[in-house]
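Chemist: Here is my input, please return the structure:
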Amino acid sequence: MPFNHLYHSPEDEDRYNERKYGHLKNQQPTSNNYDNYYNLACSLWQLEKLTAAEKMFLKIINSNEKHYSTTYYHSSDIPGDTTVNSYGYGSYTSSYKHNAAIYLTKIYIEQKKFDKALSFLKVAVKKYKVSYNCGTGFHRQQDEYNFLYGCIYEGQKKYYQVMDLLLPECLTRDDEIIVRTIQKLYSAKQITKKLKDAENSIKCEFDSLPSLTYQTIYSSNSKTEKTDTLIYYSGTASINLFGKLVQIPRPNLENGERITKERFLKEFRESSFYYNLSKDK
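Modeler: Numbering: from 1, shown residues only. Take a look at the predicted model:
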């Protein structure tokens, strides 16, 4: 997947918000307009009107408005479901000031004001902290944090901090930041050697017990579903990549298949990371 949390995707709703609530740009947030005020700032960001969005997000950060100073808890319970969710799994918290600090981080990254970006990212992560009790939400949040830190460290030319931060997950996504960083630190010849050294360093552990996956196939002709059970033998593999221990993602296996060292190496060579570092050689 592309590793990018710095993009604008304006929709009709954003243009509507600017038309309807544009007069709020030069006002202060209040208990009557706080939500429309925040939504307008977000829409201005999407519309790439960064100067106006920056001013509004700064007012949100500095506001004493109680709605902005509150951390909200969102239950994972389903409306109408009488089962009590004792563990809170799937619940999360949110904060207007956390979101405003994240947007300001992105604005300052785009403006190449990396020190200011870092200060607001720390405000979001540490001062106005929000949390997720769900693996999907938690990992997406960490992914965004790592991307923003990576952008800032790259902009500050702290390349070894980029390496420490992004190398461990570099085979799981299409990460342009880590590729650019490696190309700044190493020559083409050195990169070729490092990739070869990584292949030679591979260590594998193969499962002795089978794994099971259930695969449901829907037939549009007969309008029926068929569920197959896939049984295969998987495992884990790691390599020493540019001085860091990196796990190779487990590939999807067919029924009856056993993972091999060669299959893990194939997975490594077919990663976007490997391709992007090798394509110009």
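Chemist: May I see the buried residues of stretch 236-246?
Modeler: Neighbour counts over stretch 236-246 (16 or more other CB atoms under 10 Å) mark 237, 239, 241-242, 246 as buried. The way it works is simple: take the backbone N, C-alpha and C, and place the C-beta from them, glycine included.
Chemist: Tell me which entries of those residues lie within strands.
Modeler: Using DSSP state E, the members of these that fall in strands are 237, 239, 241, 246.
Chemist: Can I get the residues you listed in TSV including pLDDT?
Modeler: Shown next, in TSV, are those (pLDDT from 0 to 100):
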residue	pLDDT
237	98
239	98
241	98
246	98
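Chemist: and those residues, which two are the farthest apart?
Modeler: The distance between the two most remote of these (CB to CB) is 11.9 Å, for 237 and 241.
Chemist: Report the set of residues contacting both of these two.
Modeler: Taking CB atoms under 8 Å, 6 or more residues apart in numbering as the contact criterion, residue 237 and residue 241 have no common neighbours.
Chemist: which outside residues touch the longest helix along the chain?
Modeler: As assigned by DSSP state H, the longest helix anywhere in the chain is helix 135-155. Helix 135-155 has contacts (CB under 8 Å, 6+ apart) with 3-6, 92, 102, 105-106, 109, 112, 114, 117-118, 121, 125, 130-132, 159, 161-162, 165-166, 169, 177-178, 180-181.
Chemist: Narrow those residues to just the buried residues.
Modeler: 3, 5, 92, 102, 105-106, 109, 114, 117-118, 121, 125, 130, 132, 159, 161-162, 165-166, 169, 177-178, 181.
Chemist: picking up where we left off before, filter the contacts of helix 135-155 down to just the ones in strands.
Modeler: Taking DSSP E as the definition of strands, the contacts of helix 135-155 contribute residue 92.
Chemist: In the stretch 1-150 of the chain, where is pLDDT below threshold?
Modeler: 76-89 (pLDDT under 70).
Chemist: residue boundaries of the helices in it?
Modeler: Assigned by DSSP state H, counting those that start in this stretch, the helices in the stretch 1-150 of the chain fall at 12-21, 34-46, 50-62, 66-69, 96-110, 114-122, 135-155.
Chemist: I'd like the ones you listed laid out as TSV, including distance to residue 270.
Modeler: As requested, those are exported to TSV (distance: least, CB to CB, whole Å):
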stretch	distance to residue 270
helix 12-21	38
helix 34-46	35
helix 50-62	38
helix 66-69	47
helix 96-110	31
helix 114-122	33
helix 135-155	22
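Chemist: Just say which of those is most tucked in.
Modeler: The highest mean neighbour count among the helices of the stretch 1-150 of the chain, using mean count of other CB atoms under 10 Å, belongs to helix 96-110: a mean of 23.
Chemist: Also compute the angle for that one relative to helix 114-122, please.
Modeler: Angle, helix 96-110 to helix 114-122, by axes from the mean of the first three to the mean of the last three CA atoms, to 10 degrees: 160 degrees.
Chemist: so what does helix 96-110 touch, helix or strand wise?
Modeler: Counting contacts by 3 or more CB pairs under 8 Å, 6 or more residues apart in numbering; DSSP states H and E, helix 96-110 is packed against helix 34-46, helix 50-62, helix 66-69, helix 114-122, helix 135-155.
Chemist: Could you export that helix as CSV, CA atoms only?
Modeler: Extracted in CSV, the C-alpha atoms of helix 96-110 (Å, rounded to 0.1, in the frame of the first residue of the first chain):
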residue,chain,number,x,y,z
TYR,A,96,-10.7,18.7,18.2
LYS,A,97,-7.3,20.0,19.3
HIS,A,98,-5.6,16.7,18.5
ASN,A,99,-6.9,16.9,14.9
ALA,A,100,-6.1,20.6,14.6
ALA,A,101,-2.5,19.9,15.6
ILE,A,102,-2.2,17.1,13.1
TYR,A,103,-3.5,19.4,10.3
LEU,A,104,-1.0,22.1,11.4
THR,A,105,1.7,19.5,11.2
LYS,A,106,0.8,18.7,7.6
ILE,A,107,0.5,22.4,6.7
TYR,A,108,4.0,23.1,8.0
ILE,A,109,5.4,20.1,6.3
GLU,A,110,4.0,21.3,3.0
